[in-house]
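> How does the following fold in three dimensions:
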Amino acid sequence: MILETKRLILRPWEEDDAEDLYRYASHPQIGPLTGWPVHTSVENSREIIKGVLSEPETYAVIVKEAGHAVGSIGLMIGKASNIDLPDTEGEVGYWIGAPFWGQGLIPEAVMEILRHGFRDLGLSKMWCMYFEGNLRSKRVQEKCGFLYHHSRENRERPLLGRIGTEYISCMTKEQYLSQTTE
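Okay, here's the model as predicted:
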C-alpha cells in the first residue's frame, strides 16, 4: 500500500533504499533516541530493511522534493505493538533524518497514519510512545493530538542495553474524528 500527503509518499521499504536508510540512520542521535542502535553500514541497513522494516504497515517516508527515503513510520497492530494491545488498537512509531527535523514532516506522516488506521483499518485507539529525553517525539505527539496516558519507569531497551522511562500517549477514534474535517 502507498499512502500520500501534500509533501510525502509513504511506501513499503525496498532493499534499494539501503543507502538512504544508512545515510540517516547512522546519525548518532537518531537510533538511540528511538530505541535502536546506530546503523553501522549499508549492509546493516539492508538487513534491517529485510527484517524489521518489512513488517506489515511499515513505510519509508519519502519527501516528494527529495525523492528518496528520509525516515520511517509504522503502525504496529495488536500483539505486534510494544505495549501489548488488543487487535482493535495500534501503536505508531516514527523517525526522520536530522536534515529534515523541524519541518513538520513527521507530524504530517503521523496524521496520515492516523487517518489510515482509523478510517481504512477501523482501529478504535492509537497509541504512541517516546523515551525520556526525546523531546522532538513528544512534540510530534502533542501536535498530532495524542494525550498523555501513563509512564513506565525502568523499562529495558534491549537493543541498546539501557534502562529508562517510557511516556505513553493515546488517541481514540472519537478524538481523531473530532479534530479532523475529513
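> Enumerate the positions of the least confident helix or strand in the chain by mean pLDDT that are buried.
Counting by mean pLDDT, DSSP states H and E, the chain has its least confident helix or strand at helix 30-34, which shows a mean of 75. Neighbour-count burial for helix 30-34 flags 30-34 (criterion: 16 or more other Cβ atoms under 10 Å). Every residue, glycine included, has its C-beta placed from N, CA and C.
> How about exporting that helix as CSV, limited to the C-alpha atoms?
Provided in CSV are the C-alpha atoms of helix 30-34 (Å, rounded to 0.1, in the frame of the first residue of the first chain):
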residue,chain,number,x,y,z
ILE,A,30,18.5,9.1,15.7
GLY,A,31,18.5,5.4,16.8
PRO,A,32,19.4,5.8,20.5
LEU,A,33,16.5,8.3,21.0
THR,A,34,14.1,5.9,19.5
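> can you give me how far the next helix or strand after it is from the chain middle?
Next in sequence after helix 30-34, counting helices and strands by DSSP states H and E, comes helix 42-50. Its chain's C-alpha centre and that of helix 42-50 lie 18 Å apart, by Cα atoms, centre = their mean, to the nearest Å.
> Give me the contacts around helix 42-50.
Residues from elsewhere that reach helix 42-50, judged by Cβ atoms under 8 Å, 6 or more residues apart in numbering: 13-15, 17-19, 21-22, 25-26, 39.
> I'd like to know which of those residues is nearest to Leu75.
Trp13 (14.0 Å; Cβ to Cβ).
> ok, the closest one touching Leu53?
Yes - Trp13 is within contact range of Leu53, at 4.2 Å (criterion: Cβ atoms under 8 Å).
> tell me, what's touching those two both at once?
Common neighbours of Trp13 and Leu53, counting by Cβ under 8 Å, 6+ apart, are 21, 60, 72.
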